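S.K.: Sequence and predicted model, in that order:
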Amino acid sequence: MKLAQENIERIHKVVKHIELNIDSEMPLDDLAELACFSPFHFQRIFKEVLGETPKQFIKRLRLEEAARIIAFQPELNILEVAVKVGFQSLEAFSRAFKDYYSLSPDKYRKSSEIERINITQIPYSKNILIDEAKIEISFPEHKPEFEDLKPEIVNRPGQKCVCLQTTLQSPVLIKESFKRIKQWAEARDLINGETAIFGLIKDYPVFTSLDKCRFLTCVALGKQTITSGLVSFLEIPSTKYVSFVKEGSFQDIIKTASYVVHAWLPESAFKLKLEPILLVPLNDPSITDFNENSYQIYIPVEAE
């Protein structure tokens, strides 16, 4: 039976709350109350919408975020990481991390980059939903295919936008989401010839399977506006990025981004910043297939 739109909107309201409060305790009864469901119905409908129970969803977000932090912020000790992702004790965090990734956080930190990539794909390697999720990621050496890439460090001013959340599971779903957010904005006279349409990757595919990688399709705004349904308002702060142009499939984008992060950035005075990655399509993404478009990619960075 098709889920009522109102129920989906209630669940997405809870998801947004979870994402904004990942470091806090979130009792099931409080989440159910926020969604205006009984705890029993909340758990059932949450799983129907997202394919995971609230407990599974929260645990996965916390542990994948922890893996990212450990990999890219070595200056933080393991207890600091645990607190940042909502665990009340080092023991509880270490136990959950080992249960999820099959080794302790400390051993994960001491692993090589290639080993960490393999480790973080363990939880979903046996549950791939689509061929596109089978991404082969390896530590990229300098190769002829990257010689014309020409990454550069740029500053982007803050940006207000409206957005719809989908996942990277399917190019068809992404195209449909771009179409829907564009239609929503057009119906409210928010679109003109200069309006930017872009995507935000909230999860890193190295750490999260593509069917769960959160992807926002966005329309830029001049000012805040009232939203409705599954459309939400988002304000992106002014950020420094390493930017480059890439065309081709999402597989090619990930491979190139991996080269930039692991081979190009270490030679610069910058390091990766754990913020969403921007994809600005050079052709209208609501009518152009994702894998046939070209993109200006913006990967957040900060000074070493």
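M.R.: Structure's in. What do you need? Please read all numbers here as calculations on a predicted model, not as lab measurements.
S.K.: Quick check: next helix or strand after the helix or strand hosting Ser243?
M.R.: Using DSSP states H and E, Ser243 maps to strand 239-247. Counting by DSSP H and E, the next helix or strand C-terminal to strand 239-247 is helix 250-259.
S.K.: Does Thr195 touch Arg188 like I think?
M.R.: No - counting by C-beta atoms under 8 Å, Thr195 does not reach Arg188; the two are 11.9 Å apart. (Glycine included, C-beta is placed from N, CA and C.)
S.K.: Enumerate the positions of the lowest-mean-pLDDT helix or strand in the chain that are buried.
M.R.: Least confident helix or strand, the chain: helix 113-120 with a mean of 79, by mean pLDDT, DSSP states H and E. Neighbour counts using 16 or more other C-beta atoms under 10 Å place Arg116, Ile117, Ile119, Thr120 of helix 113-120 among the buried residues.
S.K.: Stretch 223-230 now?
M.R.: So, applying 16+ other C-beta under 10 Å, buried residues of stretch 223-230: Leu230.
S.K.: go on, stretch 98-109?
M.R.: Of the residues in stretch 98-109, those buried (16+ other C-beta under 10 Å) are Tyr100, Tyr101, Pro105, Tyr108, Arg109.
S.K.: contacting residues for the second one?
M.R.: To tie it back to what came earlier, the one meant is Tyr101. Listed by C-beta atoms under 8 Å, 6 or more residues apart in numbering, the contact partners of Tyr101 are Leu63, Ala67, Tyr108, Ile119, Thr120, Ile122, Pro123.
S.K.: Kindly recompute the last result at 6 Å.
M.R.: Contacts here follow C-beta atoms under 6 Å, 6 or more residues apart in numbering; on that basis Tyr101 touches Ile119.
S.K.: Let me see the confidence value for it.
M.R.: pLDDT recorded at Tyr101 is 92.
S.K.: go on, the fourth one?
M.R.: Tyr108 is assigned a predicted lDDT (pLDDT) of 94.
S.K.: What lies in contact with the host helix or strand of it?
M.R.: Per DSSP H and E, Tyr108 falls inside helix 105-110. Helix 105-110 is touched from outside by Ile70, Ile78, Ser94, Phe97, with contacts defined as C-beta under 6 Å, 6+ apart.
S.K.: Top of these by number of neighbours, please.
M.R.: Sorting those by how many neighbours each has (other C-beta atoms under 10 Å) puts Phe97 first, at 26 neighbours.
S.K.: Just confirm that residue is within a helix.
M.R.: Yes - according to DSSP: H, G, I helix; E, B strand; the rest coil, Phe97 belongs to a helix.
S.K.: Chain neighbours aside, what residue packs nearest to it?
M.R.: Pro105 (4.8 Å; C-beta to C-beta, 6 or more residues apart in numbering).
S.K.: Now do the one you found, the pLDDT please.
M.R.: Predicted confidence (pLDDT) for Pro105: 96.
S.K.: how close does it sit to Phe42?
M.R.: From Pro105 across to Phe42, the span is 31 Å (C-beta to C-beta, to the nearest Å).
S.K.: That concludes my questions; thank you for your assistance.
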